[in-house]
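J.: Next input, structure requested:
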Amino acid sequence: MEGFINKIEDEQKRKDGFVLLEMMKKATGEEPILWSSSVIGFGIKRYKSPTTSREVDWFLIGFSPHKANLSLYISVGIKEHAAALKKLGKHKTGAGCLYINKLDDINIEVLKGMIDASLKREFDK
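T.: Numbers count the residues shown, from 1 in each chain. Have a look, this model is predicted:
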């Protein structure tokens, strides 16, 4: 995984990638897996679509160091973290993603709390 992150051209994104790698590894106790060609995921869970009943294996949490931003996949429904998002700092959200430009823009402790809450919810199911 280090080889993948070392190929990131932007120095700040590369540094942030290594921080996220260690943070998520510590939070999950799992080794990272490269999903598709650019998403680093931790853990495996079988998800079932509520609309189609289709089942797929996917990661519990992960991130992707895109050129435009860091995409963090920490929850199926990112809006469940509404209170934490207010304290997080500069970010954007998508349906299941959290987008940040760099880790310096956010409160890292709030992010760790969001990751822990997501993992706790997954393991309590």
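J.: rest of the way, CA atoms for contacts and neighbours
T.: Fine.
J.: Quick one: distance of the helix-or-strand element of the chain with minimal mean pLDDT to the chain centre.
T.: Of all helical and strand segments in the chain, the minimum by mean pLDDT, DSSP states H and E falls on strand 45-48, at a mean of 82. Here strand 45-48 is found 17 Å from its chain centre; the criterion is C-alpha atoms, centre = their mean, to the nearest Å.
J.: Tell me the helix or strand right after that strand.
T.: Going down the chain from strand 45-48, the next helix or strand is strand 55-58, by DSSP states H and E.
J.: Let me know how buried Lys7 is, in neighbour terms.
T.: 10 (other C-alpha atoms under 10 Å).
J.: Now do the same contact list for it.
T.: Arg14 (C-alpha atoms under 8 Å, 6 or more residues apart in numbering).
J.: sec struct for Leu34, please.
T.: At Leu34 the chain is in strand, as set by DSSP: H, G, I helix; E, B strand; the rest coil.
J.: Next up, the contacts around the closest residue to it other than its chain neighbours.
T.: Nearest non-adjacent residue to Leu34, counting by C-alpha to C-alpha, 6 or more residues apart in numbering: Ile40, 4.7 Å away. By C-alpha under 8 Å, 6+ apart, the contact set of Ile40 is Met1, Pro32, Ile33, Leu34, Gly62, Phe63, Ser64.
J.: Gln12: which of the residues you listed is nearest?
T.: Nearest to Gln12, judged by C-alpha to C-alpha, of those is Ser64 at 13.8 Å.
J.: which residues of the chain fall in strands?
T.: For the chain, applying DSSP state E gives strands covering 32-35, 39-42, 45-48, 55-58, 61-65, 70-73, 92-93, 98-100.
J.: Select, out of the ones you listed, the one closest to Ile8.
T.: With C-alpha to C-alpha, the closest approach to Ile8 among the strands of the chain belongs to strand 61-65: 7.7 Å.
J.: confidence score at the residue nearest to Leu34?
T.: According to the prediction, Ile40 has pLDDT 96.
J.: rewinding a little: lowest-confidence stretch among the strands of the chain?
T.: strand 45-48 (a mean of 82).
J.: any residues touching that one, and which ones?
T.: Arg54, Glu55, Val56, Asp57, Trp58, Phe59, Leu60.
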